[in-house]
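mind looking at a prediction? Sequence and model below.
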Amino acid sequence: EAGVTQSPTHLIKTRGQQATLRCSPISGHTSVYWYQQALGLGLQFLLWYDEGEERNRGNFPPRFSGRQFPNYSSELNVNALELEDSALYLCASSLGTGGLNEKLFFGSGTQLSVL
Amino acid sequence: GNSVTQMEGPVTLSEEAFLTINCTYTATGYPSLFWYVQYPGEGLQLLLKATKADDKGSNKGFEATYRKETTSFHLEKGSVQVSDSAVYFCALSTNTGGFKTIFGAGTRLFVKA
């Protein structure tokens, strides 16, 4: 069974451009989570989507946005890129019960470099 | 607010040594606690979890006990192997301010043969 897949693996952009990152969850999972992993800062929670709706959002500016499609795949869009947006962006999926014991399954990430 | 603090790495041990990676948390309510592991070149995967005070999670020889009185969830293993070399993340799940899982900064472990 396929795990969580993310594309592209690497993305290079310049300041001010827009980046689009994609994620396909495990089959049967309805929830998708996005995290930013900047060097030395651990994983910072960005967004949670479930059943096509944004359910929760971390402490990030509005230029970080996304959506979830009817097939539960998801896009993360980062507008007006800044140098400090350079990081590994991780997507995770889960069954979507929303309970505290929810186990997250992670993809390998998209490394975004902003020059 | 909710947060997770874990010991800075890297931690370097010889094979068969005892491992402790410290993790403390701040949370309102009654969070669930997790350890995730990231092996080289792979995504994070759940190692173990505990859902209430005094619960002990265990897997692959690793264990951690949910200590509410000290707000801690330290990871231990009695005898590490080279294959345990990875980055370990402590995490908590909370419904405060909406459901989310919050991670610590990660601790890199190197095990030498």
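On my side now, so go ahead.

for the residue most central in space within chain A, give me its contacts.
Nearest to the mean C-alpha position of chain A, counting by CA atoms, centre = their mean, stands A:W34 at 2.9 Å. Applying CB atoms under 8 Å, 6 or more residues apart in numbering or on different chains, we find A:W34 in contact with A:C23, A:L46, A:L47, A:W48, A:G66, A:S74, A:L76, A:Y89, A:L90, A:C91. The C-beta positions use only the backbone N, C-alpha and C, and glycine is treated the same way.

between all of the residues you listed, which two are separated the most?
Spanning the widest gap among these are A:W48 and A:Y89, at 14.4 Å by CB to CB.

any weak-confidence spans in chain A?
A:1, A:98 (pLDDT under 70).

now do the helix or strand bottoming out on mean pLDDT in chain B: which elements does it pack against?
Between all helices and strands in chain B, the lowest mean by mean pLDDT, DSSP states H and E belongs to strand B:100-103, at a mean of 90. Contacts defined by 3 or more CB pairs under 8 Å, 6 or more residues apart in numbering or on different chains; DSSP states H and E place strand B:100-103 against strand A:31-38, strand A:42-50, strand B:3-6, strand B:86-94.

just checking: what are the partner strands of the second one?
Strand pairing for strand A:42-50, determined by DSSP bridges: strand A:31-38 (antiparallel), strand A:53-57 (antiparallel).

quick check: angle from the longest one to strand B:86-94?
To tie it back to what came earlier, the one meant is strand A:31-38. If you take axes from the mean of the first three to the mean of the last three CA atoms, to 10 degrees, strand A:31-38 sits at 130 degrees to strand B:86-94.

would you map the helices across the chain?
If you meant another chain, say so; for now it's chain A. Ranges of helices in chain A, per DSSP state H: none exist.

how about chain B?
Secondary structure of chain B (DSSP H): no helices located.

quick check: residues of it near chain A?
Chain B comes close to chain A at residues B:4, B:30-32, B:36, B:41-46, B:49, B:51, B:89, B:93-95, B:97-106, as judged by CB under 8 Å from any CB of the partner chain.

any idea how far stretch A:87-96 is from the middle of the chain?
Counting by CA atoms, centre = their mean, to the nearest Å, stretch A:87-96 is centred 5 Å from the centre of its parent chain.

returning to that earlier point: now tabulate the helices and strands packed on strand B:100-103 in JSON lines and tack on distance to B:S72.
As requested, these are exported to JSON lines (distance: least, CB to CB, whole Å):
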{"stretch": "strand A:31-38", "distance to B:S72": "23"}
{"stretch": "strand A:42-50", "distance to B:S72": "17"}
{"stretch": "strand B:3-6", "distance to B:S72": "10"}
{"stretch": "strand B:86-94", "distance to B:S72": "10"}
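
and those: which comes nearest B:A17?
It's strand B:86-94; of those, that one is closest to B:A17 (CB to CB) at 15.1 Å.
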